[in-house]
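>>> Fold the following, please.
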Amino acid sequence: MLKIPIQGLKDGSSDISLTSDVSEMGVIFPEFFGKITLSGILSKFGKRYTFTGKAVCNSNLICDRSLEEYTEEITAPITVSYLADTEVFLLQDPASDENVYIIREDEPFIDLSVEVCEELALNLPMKRIALQYRDKELKDIIPDITEAGEEQKIDERWSALKNIHLNN
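Numbers count the residues shown, from 1 in each chain. Prediction:
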C-alpha cells in the first residue's frame, strides 16, 4: 500500500518517497514485479491536498518482434488532488467525474495505491519491443520474411492455381 500520512500536516509542501511491494498493491497487472517506488511532492493548502510525482516499477514484457521476454522499467507521472471535507464527503455522488477526490477531514492518510496501479497500467507500452530490436527493421531480425509487394518465388506445383477465378 502506498499511504501518505496527512494527520497534523501543516500547510506547505512536503517531499514524499514511498516504496511498496507489488504483491501488497492488490489488483495490479501481472506484468509488474518487484517494488513500486513513489516519489514526489505533497502540497497542502487549507483542506486541499495535491500530490505531484512519479511511480516507477519493473515490468516483464514479451517482445512483439522476437517473442523474447525482456524487462523494462515503467515510469508513470502521478497528479492527484484531494479535498478534506466531511460534509461534501457525505453528499458526494459516486458517479461524479471530477478530478478531485473527496476525503473525510479526520482521514489519517491518503492512499494512492489505486491511482498508482492505474497510471502504471496506462504507461505500459502499446508496442512492446525489446531494447536491442528498437532500432532495427523486421527483416533485419527475421531475414526470411518478405514484405508485401516483393516478388516471391512460387513453387511450380502451385502455378496452376493462378488460373482459378472465383466469382463473388
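
>>> In the top helix by length along the chain, which residues are buried?
The residue-count maximum for a helix in the chain (DSSP state H) belongs to helix 113-122. Neighbour-count burial for helix 113-122 flags 113, 115, 116, 117, 119, 120, 121 (criterion: 16 or more other CB atoms under 10 Å). For every residue, glycine as well, the C-beta is placed using N, CA and C.

>>> any idea which helix or strand comes after that helix?
Following helix 113-122 in sequence order, the next helix or strand is helix 138-141 (DSSP states H and E).

>>> so what does that next one touch, helix or strand wise?
On a contact count with 3 or more CB pairs under 8 Å, 6 or more residues apart in numbering; DSSP states H and E, helix 138-141 meets no helix or strand.

>>> Pull out the CA atoms of that helix and give them to me as PDB.
Extracted in PDB, the C-alpha atoms of helix 138-141 (Å, rounded to 0.1, in the frame of the first residue of the first chain):
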ATOM      1  CA  LEU A 138      11.700  -6.500 -39.100                       C
ATOM      2  CA  LYS A 139      13.600  -8.000 -42.000                       C
ATOM      3  CA  ASP A 140      16.900  -7.400 -40.000                       C
ATOM      4  CA  ILE A 141      15.500  -9.600 -37.200                       C
END
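
>>> picking that back up, output the buried residues of helix 113-122 as TSV; include the columns distance to residue 18 and pLDDT.
Formatted as TSV, the buried residues of helix 113-122 follow (distance: CB to CB, whole Å; pLDDT from 0 to 100):
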residue	distance to residue 18	pLDDT
113	10	92
115	13	92
116	9	93
117	14	93
119	14	95
120	14	95
121	19	95
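
>>> Farthest pair within those?
Farthest pair in the buried residues of helix 113-122 (CB to CB) is 113 and 121. Separation: 12.7 Å.

>>> what about residue 107, neighbour count?
15 (other CB atoms under 10 Å).

>>> what does the one 5 residues further on give?
The local packing of residue 112 (other CB under 10 Å) involves 25 other residues.

>>> How about residue 4?
Should you count by other CB under 10 Å, residue 4 turns out to have 18 residues around it.

>>> Ok, residue 55 next?
For residue 55, the count of nearby residues is 24 (other CB under 10 Å).

>>> Can you tell me how far it is from residue 30?
17 Å (CB to CB, to the nearest Å).

>>> measure residue 137 to residue 130 for me?
From residue 137 to residue 130 the distance is 14 Å (CB to CB).

>>> same check, this time on residue 35
For residue 35 relative to residue 130 (CB to CB), the value is 22 Å.

>>> Same check on residue 105?
To residue 130, residue 105 is 49 Å away according to CB to CB.
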